[in-house]
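Engineer: below are the sequence and a predicted model for it; my questions follow.
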Amino acid sequence: MKSSKEDLELVRLYLDSQASTDDIQLLEQKMQKDNQLRKDFLAYARLDAALPYSITPTKKEKKEASLISNWPIWTSIAAILIFLFALNFKSVKSVSEGPLKKAIAHFEQLDNCRWMNPGHEVVKGNSLFVNDRIELSSGTAHIHFNTGAIIMLTGPSIVELNSPNSAFLTLGRASVTADTKESQGFSIKTPSSTFVDLGTAFAACVGPDGLSRLNVTQGKVNLIVEQDHEHRLIQAGEAIFVEPGTRKYLTKIESGDESKSFIFPTIHPPSDHDYADASRGLASVSVGKGKILKQPNWEVNPMSLLDGKGQTEPDSPKESVFLERQDGTYGNLLIDLGKEIGIDKINSYSWHQHQKFKDHKNRAKQVFTLYGLKDKDLPDLNLPANKTGWDRIARVNSDRFFDVHEDIDRPAQQACSIFASKGQIGHYRYLLIEVHGPTFFGEIDVFGNP
Amino acid sequence: MNLQEKEKHDQFLRLYVETEGSLRGFVRSLVPSLEDAKEVMQGTAAVLWRKFDQLDSPDNFRRWAFGVARFEALSYRRDKARDRHVFSEELVNQLANEAEDEVDSGELEEKALEKCITKLPEKHRTLIQQAYSKGTKIDKMAERAGRTPMSLYKALHRIRIALADCIRADLKKQEGIV
């Protein structure tokens, strides 16, 4: 923290409820004038608020199966659920039993499970019935269906058993193994899609932001996007995101071979045949808000994003469009397609690997929100796109996609492909990439037709 | 609960989960203690749920939630201000505006905090774990440890500053500044 020790001591006194009236008045006077002190005060307050939810239980506490959660958000979700329960919303039903109902599954294994409805006793072997809703706060629960399908539910998760061979995942993560004859066709529904097993193993995930994710680890899964009734076969090794909302957009992110050829498992390498390619002279790209990194002896032209190729080296700022973080944001990139066209697909590519430090590949990650706008007057690009009439198409966070916990886990070369579950993404003249991370973008391809 | 209520409940949970972390930090910055923050958060959640039908679009949940939290915190402070000195509304509003600008890095901060806690010396980690466990009173904790409450407050302060510095360094790394 950059503020003086004396000023930070005042902050401490205030947040530890030990400050006298004089202390508080002094802190107030100082904060009114000192931007840095306000910034440090807010950072300190955020830290103080997050600590109760971020501490890991001690060994002793673990043994006692303490109620302390190390997942900050979900501790309070449990509290909210209890709160809603108190308001007479009988939603905190984790497991129910009925003497006349026929069990369709049972808990085969429970590892360090905590339930959102505290006090509800759940033990290994408990039977499960149609319409049972399981709200797991933390830990892992293995649910064995009578058909032979097994769901490994990882908390925090909410799942409802719909039928003897299907379940609805509201939130969280469920890994499915369905390799028996009876379990073929086992399906996991999510708020935006249905994943139907075709004799295989897969993981389904629904994030708090409503994004559904499917990872196929073995065999094949039929992805059915709701409303569109569109089927898509997802093979082993593939993963896909499905955006919630009335129009269904799919996002695929893959790691590349880390060569200048940019080879990916299914996403094509950077193209010089897309609609927006600079060689065709139809589209342009510019910085709408923000600043591209430049040095006294070189400067990157954002048009290089349309030149049909990615970087030629793993750590090449001169060949990368990199928006610097300023005042808490990175800014945005505007693609003008010259006129409104029907857009089929948008691909983006990044590459970053420090030569010396193997875990330094931060700038490979792609974190952005993609928006589209029809052929009309451009709004002020300094204002947030979601407040100025842009249509949100997709949210991309490749770190979340690849489950990056340590820097070393992050793929150094990445491609992201955004398309619609059915037909085209839409008709737009402008595309806006609101950048939320330090990405070394090498190329952006826009496929479509006027 | 009928299907419509269940869908509403699930949608509320999804939106709340996404916002709750940054909202909690924001509220904490506006009220004097963690306990106050918990109370305000409870009040905020209650209002958000009660008025959830009035939300025009899920896209606006975050902004709406911050507005409700700010109002709840200010009301709470007005009640508290009867018997103790609190910041002026002018400063609170200034802090609130700046806190809203900071929310962009909320998720990154949480991840960084988790990493930074694991980097603490075991002694410090244990101290923080004990101090922030539910129901812990610093005076009692100090008594058990055979030290003065003030020395414990100061020790915790030093650890928090170390954590804050570690988080800042990690965020800079994530942002590609270093």
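Structural biologist: In hand now; what should we look at?
Engineer: can you tell me the element A:Gly448 falls in?
Structural biologist: Using DSSP states H and E, A:Gly448 sits in strand A:441-449.
Engineer: which other helices and strands does that strand contact?
Structural biologist: strand A:332-351 (3 or more Cβ pairs under 8 Å, 6 or more residues apart in numbering or on different chains; DSSP states H and E). (C-beta placed from N, C-alpha, C; glycine too.)
Engineer: report the buried residues of the strand it packs on.
Structural biologist: By neighbour count on 16 or more other Cβ atoms under 10 Å in any protein chain shown, the buried set for strand A:332-351 is A:332-337, A:340-341, A:343-351.
Engineer: say whether chain B is contacted by that strand.
Structural biologist: No - between strand A:332-351 and chain B, judged by Cβ under 8 Å from any Cβ of the partner chain, nothing touches; the nearest distance is 11.7 Å.
Engineer: quick one: A:Tyr3 from chain B, how far?
Structural biologist: I think there's a mix-up here, since residue A:3 is Ser and not Tyr. For A:Ser3, the distance to chain B (Cβ to the nearest Cβ, to the nearest Å) stands at 10 Å.
Engineer: got a list of what B:Phe125 touches?
Structural biologist: Not quite, residue B:125 is Arg, not Phe. By Cβ atoms under 8 Å, 6 or more residues apart in numbering or on different chains, the contact list for B:Arg125 reads B:Ile117, B:Thr118.
Engineer: just B:Ser29 next, same as before
Structural biologist: For B:Ser29, the contact set (Cβ under 8 Å, 6+ apart) comprises A:Phe41, A:Leu42, A:Ala45, A:Arg46, A:Ala49, B:Leu95, B:Ala99.
Engineer: now the helix or strand containing it, how far from the centre of its chain.
Structural biologist: B:Ser29 belongs to helix B:3-30 when assigned by DSSP H and E. Distance of helix B:3-30 from the chain centroid (Cα atoms, centre = their mean, to the nearest Å) equals 13 Å.
Engineer: ok, now stretch A:164-172?
Structural biologist: 20 Å.
Engineer: please apply the same query to stretch A:127-141.
Structural biologist: For stretch A:127-141 - counting by Cα atoms, centre = their mean - the centre lies 24 Å from the chain centre.
Engineer: cool, and stretch A:296-309?
Structural biologist: On the basis of Cα atoms, centre = their mean, stretch A:296-309 sits 29 Å off its chain's mean C-alpha point.
Engineer: next one: stretch A:169-185
Structural biologist: 22 Å.
Engineer: so which of the contacts of B:Ser29 are in strands?
Structural biologist: Among those, no residue falls in strands (DSSP state E).
Engineer: picking that back up, give me the buried positions along the helix holding B:Ser29.
Structural biologist: For helix B:3-30, by 16+ other Cβ under 10 Å, it's B:8-30.
Engineer: what about stretch B:24-36, how long is it end to end?
Structural biologist: 11 Å (Cα to Cα, to the nearest Å).
Engineer: helices of the chain, start to end?
Structural biologist: Since you didn't name a chain, this refers to chain A. A:5-15, A:21-33, A:35-54, A:59-63, A:72-86, A:398-401 (DSSP state H).
Engineer: oops, I was thinking of chain B
Structural biologist: B:3-30, B:34-50, B:61-80, B:89-102, B:106-119, B:122-131, B:138-145, B:149-174.
Engineer: nearest to A:Ser271, out of those helices?
Structural biologist: Distance to A:Ser271, taken as Cβ to Cβ, is lowest for helix B:149-174 among the helices of chain B, at 30.2 Å.
Engineer: pLDDT score for residue 88?
Structural biologist: Going with chain A. Looking at A:Asn88, its pLDDT reads 37.
Engineer: my question was about chain B, not that one.
Structural biologist: pLDDT for B:Ser88: 80.
Engineer: thought A:Leu27 was touching it, still the case?
Structural biologist: No - here B:Ser88 does not reach A:Leu27: they are 11.5 Å apart, not a contact under Cβ atoms under 8 Å.
Engineer: in terms of neighbours, single out the busier of the two.
Structural biologist: A:Leu27 (21 against 14; other Cβ atoms under 10 Å in any protein chain shown).
Engineer: excluding sequence neighbours, find me the nearest residue to the more buried one.
Structural biologist: Sequence neighbours aside, A:Leu10 is the residue nearest to A:Leu27 in space, at 4.4 Å (criterion: Cβ to Cβ, 6 or more residues apart in numbering or on different chains).
Engineer: give me the neighbour count for the closest residue to A:His142 other than its chain neighbours.
Structural biologist: Nearest residue to A:His142 in three dimensions, chain neighbours excluded: A:Gln109, at 4.0 Å (Cβ to Cβ, 6+ apart). By the criterion of other Cβ under 10 Å, A:Gln109 has 14 neighbours.
Engineer: separation between A:Gln109 and A:Lys124?
Structural biologist: As judged by Cβ to Cβ, to the nearest Å, A:Gln109 and A:Lys124 stand 6 Å apart.
Engineer: any weak-confidence spans in chain B?
Structural biologist: B:1-3, B:81-85, B:100-107, B:175-178 (pLDDT under 70).
Engineer: which segments of it make up each domain?
Structural biologist: Split into domains by automatic domain parsing, chain B comes to B:3-104, B:120-174.
Engineer: distance to A:Asp403 added to these, as CSV?
Structural biologist: What follows is the domains of chain B, written out as CSV (distance: least, Cβ to Cβ, whole Å):
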stretch, distance to A:Asp403
domain B:3-104, 18
domain B:120-174, 16
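Engineer: now, of the ones you listed, which is deepest in the fold?
Structural biologist: domain B:3-104 (a mean of 18; mean count of other Cβ atoms under 10 Å in any protein chain shown).
Engineer: OK, now which residue of the stretch 151-300 of chain A is nearest to chain B?
Structural biologist: A:Pro208 (3.7 Å; Cβ to the nearest Cβ).
Engineer: from A:Gly423, how far out is the closest residue in space to that residue that isn't next to it in sequence?
Structural biologist: Closest residue to A:Pro208 apart from its sequence neighbours, by Cβ to Cβ, 6+ apart: B:Val17 at 3.7 Å. According to Cβ to Cβ, B:Val17 and A:Gly423 sit 32 Å apart.
Engineer: do A:Lys291 as well
Structural biologist: A:Lys291 is 37 Å from A:Gly423, by Cβ to Cβ.
Engineer: try A:Phe202
Structural biologist: Distance of A:Phe202 to A:Gly423, computed by Cβ to Cβ: 26 Å.
Engineer: repeat that for A:Thr21.
Structural biologist: Noted for A:Thr21: a distance of 66 Å to A:Gly423, by Cβ to Cβ.
Engineer: domain ranges for chain A?
Structural biologist: Taken from automatic domain parsing, chain A resolves into A:5-54, A:105-242, A:249-449.
Engineer: mean confidence for the shortest one?
Structural biologist: By that I understand domain A:5-54. Rounded mean pLDDT across domain A:5-54 is 89.
Engineer: got it, and stretch A:349-360?
Structural biologist: Taken as a whole, stretch A:349-360 has an average pLDDT of 91.
Engineer: list the buried residues of it.
Structural biologist: For stretch A:349-360, the neighbour count (16+ other Cβ under 10 Å) marks A:Tyr349, A:Ser350, A:Trp351, A:His352, A:Gln353, A:His360 as buried.
Engineer: straight-line length of it, end to end?
Structural biologist: Where stretch A:349-360 begins and where it ends lie 18 Å apart, using Cα to Cα.
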